[in-house]
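1. Can you look at this prediction? I've put the sequence above it.
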Amino acid sequence: MSIDKSTLFSVFNKARAGSAGLDRGRVNRALGYVQAGRVALLDDGTAIVSGNAEPVYYVSAAGCDCPDHLWRAARCKHQIARWLLIRLQEAQPAPVAVPEPVPAVTLEDDIALLWGA
Ligand SMILES: [Zn+2]
């Protein structure tokens with residue numbers, strides 16, 4: 001998914017504005033994950049968040065398997081990154097599908113179809 005920067009910052013600013021209980025440092029790091037393309041959203045709503053020097057974390061609406069979330073029992077940067085990506089996908093218009101050009105049918109094609117030639 002290509003990320004529209006103005007949409008991303010609009011979503012990010014809403015997250016910061018309404019971030020009661022969220023750690024601002026974690027919100028900032030979550031933005032970095034989304035910008036770096038390190039967050040992949042699966043069809044079931046689970047996100048896979050990967051870092052450089054850390055393992056891959058599986059993040060769902062229920063929680064995250066990283067130590068930060070498990071020990072603090074609060075929203076971690078991976079959960080915030082998942083939330084940002086979901087909001088971003090909702091806010092971003094879907095790309096317009098360009099229809100495939102229909103190949104022109106020639107008289108020879110018609111004859112071949114009709115007569116099996
Ligand atoms: Zn986490």
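-> Good, I have the coordinates.
2. rest of the way, CA atoms for contacts and neighbours
-> OK.
3. you'd agree Val27 is up against Ala17?
-> No - between Val27 and Ala17 there is no contact under Cα atoms under 8 Å: 10.8 Å.
4. got the contact list for the lengthiest helix in the chain?
-> Longest helix in the chain by number of residues (criterion: DSSP state H): helix 77-91. Contact partners of helix 77-91, identified using Cα atoms under 8 Å, 6 or more residues apart in numbering, comprise 7-8, 11-12, 15, 26-27, 29-31, 33-34, 39, 41, 47, 49, 57, 59-61, 63-64.
5. just these that are near the ion?
-> The residues of the contacts of helix 77-91 that also fall near the ion, by Cα under 5 Å from the ion, are Cys64.
6. Write the PyMOL selection for whichever of the contacts of helix 77-91 are buried.
-> Per 16 or more other Cα atoms under 10 Å, the buried members of those correspond to this PyMOL selection:
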select buried, resi 7+8+11+12+15+26+27+29+30+31+33+34+39+41+47+49+57+59+60+63+64
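7. which parts of the chain sit against the ion?
-> Checking the chain against the ion by Cα under 5 Å from the ion, the hits are Cys64, Cys66, Cys76, His78.
8. how close does Lys14 get to Leu31?
-> 12 Å (Cα to Cα, to the nearest Å).
9. What of Asp4?
-> 13 Å.
10. got any ranges where the chain has weak pLDDT?
-> Applying pLDDT under 70 to the chain flags residues 1, 18-21, 52, 54, 94-96, 117.
11. What segments of it are strands?
-> 39-41, 47-49, 57-60, 63-64 (DSSP state E).
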